[in-house]
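Engineer: Could you work out the structure for the sequence below:
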Amino acid sequence: MLSPEMVQNPYAIYALLRGANPVFRVPSPDTEGAGQFILTRYEDVQQVLRDARFSVDRGRSDFFMRNRDRLPPSIVAALLGEQGGLRSMLVLDPPDHTRIRGLVSKAFTPRQVTRLRERIAELVRELLDAVEPNGRMDVMTELAAPLPAIVIADLLGVPREDYAVFKAWATDVVSVVGNPDPLGAIARADAAMQGLLAYLGDIIAKRRRDPRDDLISAMIAAQEAHDALSDAELLATSNLLLLAGHETTTNLIGNGLYALLRHPAELARLEREPALLKSAIDEMLRWDSPVQATFRIPTEEVALGGQILPKGALVIAAIGAANRDPAVFPDPDRFDVGRADNRHLSFGFGVHFCLGAPLARLEGELVFSALLARLGKLELATEKPSYRPNMILRGLTSLPVTFAPRA
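Structural biologist: So this is what the prediction gives:
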């Protein structure tokens with residue numbers, strides 16, 4: 001499951017599991033505890049994501065609690081979200097999740113996101129202006145990484161010129177998730193988490209003294225006026241938005257362009273029919289999802305797919321597998337920019353549906369419309385781009401391409 005081959009292409013293994021044992025108990029030398037399960041059917045993944053009997057609180061997981069002493073305190077705080085630690089929406093159930101999400105969601109409504117359109121389009125133009133004369137670029141480092149990082153920095157009120165610093169911290173933090181060598185990544189992740197939290201703590205202190213028209217200032221105002229957030233929740237929410245606000249969109253751009261370049265007929269179809277762009281974005285998200293899996297923990301014994309999931313089990317809902325389920329998606333391994341009724345789960349489902357989905361879609365649409373309008377003869381400059389060794393967050397380390405400016 002953690003082999004280089006699985007990292008490069010997990011979908012054949014997903015199909016094998018789905019056909020043989022869609023609610024698969026992971027073999028483990030440790031026979032104690034409630035166990036770990038991987039779900040690969042769309043129906044099961046969707047049910048777990050919407051079922052209130054499944055919690056996102058890692059503190060309810062037998063696996064996480066038995067291994068907590070092996071991890072640095074900053075990583076434990078991020079994973080378990082304990083009081084005084086990083087109590088972000090990611091690890092909170094209602095009603096706390098509902099309270100915090102309600103405060104933040106106003107910045108991510110479709111109307112608010114639309115207001116960012118020209119600012120994002122201008123940034124896309126700046127990034128392409130810098131590389132267009134060269135006839136080549138690394139999409140990941142010169143477009144896919146800086147764009148969403150700068151956008152979320154602007155939204156939060158973090159200086160955009162610092163994006164390279166917090167992007168490096170973010171890369172080290174998320175490297176521990178689903179990594180086949182987690183112990184080797186833990187030390188880097190711990191140092192990065194401490195650096196990131198200290199940095200955000202300084203920004204929050206500055207905004208308390210000098211509020212501005214940004215999301216951190218708005219959360220501080222809500223905290224001070226209504227006691228709506230604890231200090232830990234304010235820091236955790238800022239941290240989550242900074243990390244999640246760019247990580248998945250970076251991978252959407254990279255994975256999506258790689259899919260188009262691997263399917264030249266679909267790329268040509270999209271160039272002929274630009275009205276298909278929104279549909280194409282959804283297909284990119286379905287076909288090679290930036291988030292391959294998420295965790296849930298049963299709060300009671302639950303029967304699912306012929307198995308009994310014990311209370312406290314670690315349930316891995318494989319979103320990437322669900323998005324290729326032939327029971328929901330006809331010919332699921334075919335990349336089709338015009339696919340109809342595309343009910344992918346790449347933004348999740350239920351109360352934890354991705355808050356930033358409208359922003360990610362807008363950034364994707366503006367990037368791909370600009371690429372198609374400005375750059376002709378887009379071609380891969382490598383035979384086999386490499387993926388980061390991460391089974392949860394799927395993204396390329398590099399995507400070199402060549403192109404010719406359009407007349």
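
Engineer: Please identify the helix or strand for residue 401.
Structural biologist: strand 400-405 (DSSP states H and E).

Engineer: Residue 66 too?
Structural biologist: Short version: residue 66 belongs to helix 62-67, going by DSSP H and E.

Engineer: Just the buried residues of that helix, please?
Structural biologist: Within helix 62-67, the residues scored as buried using 16 or more other CB atoms under 10 Å are 62-64. C-beta here means a position set from N, CA and C on the backbone, and glycine is covered the same way.

Engineer: Could you do stretch 331-339 as well?
Structural biologist: Buried-residue list, stretch 331-339, by 16+ other CB under 10 Å: 332, 335-337, 339.

Engineer: For residue 259, state which of those residues is nearest.
Structural biologist: residue 335 (5.5 Å; CB to CB).

Engineer: In the buried residues of stretch 331-339, find the pair that's most separated.
Structural biologist: 332 and 337 (14.9 Å).

Engineer: need the contact list for the spatially closest residue to residue 294 that is not a sequence neighbour.
Structural biologist: Among residues not flanking residue 294 along the chain, residue 317 sits closest, at 5.3 Å (CB to CB, 6 or more residues apart in numbering). Residue 317 sits next to 39, 44-45, 48-49, 293-296 when contact means CB atoms under 8 Å, 6 or more residues apart in numbering.

Engineer: Name whatever forms a beta bridge with residue 317.
Structural biologist: residue 39, residue 294 (DSSP bridges).

Engineer: if we can go back for a sec, a markdown table for the buried residues of helix 62-67, including distance to residue 243 and pLDDT?
Structural biologist: Converted to a markdown table, the buried residues of helix 62-67 look like this (distance: CB to CB, whole Å; pLDDT from 0 to 100):
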| residue | distance to residue 243 | pLDDT |
| --- | --- | --- |
| 62 | 26 | 86 |
| 63 | 23 | 82 |
| 64 | 19 | 78 |
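
Engineer: Adding distance to residue 214, write the residues you listed out as TSV.
Structural biologist: Formatted as TSV, the buried residues of helix 62-67 follow (distance: CB to CB, whole Å):
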residue	distance to residue 214
62	40
63	38
64	34
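
Engineer: for the stretch 151-300 of the chain, what spans make up the strands?
Structural biologist: 294-298 (DSSP state E, counting those that start in this stretch).

Engineer: Quick check: which helices or strands does the helix holding residue 66 pack against?
Structural biologist: strand 314-317 (3 or more CB pairs under 8 Å, 6 or more residues apart in numbering; DSSP states H and E).

Engineer: so how far is the strand it packs on from its chain's centroid?
Structural biologist: Computed by CA atoms, centre = their mean, to the nearest Å, the chain-centroid distance of strand 314-317 equals 17 Å.
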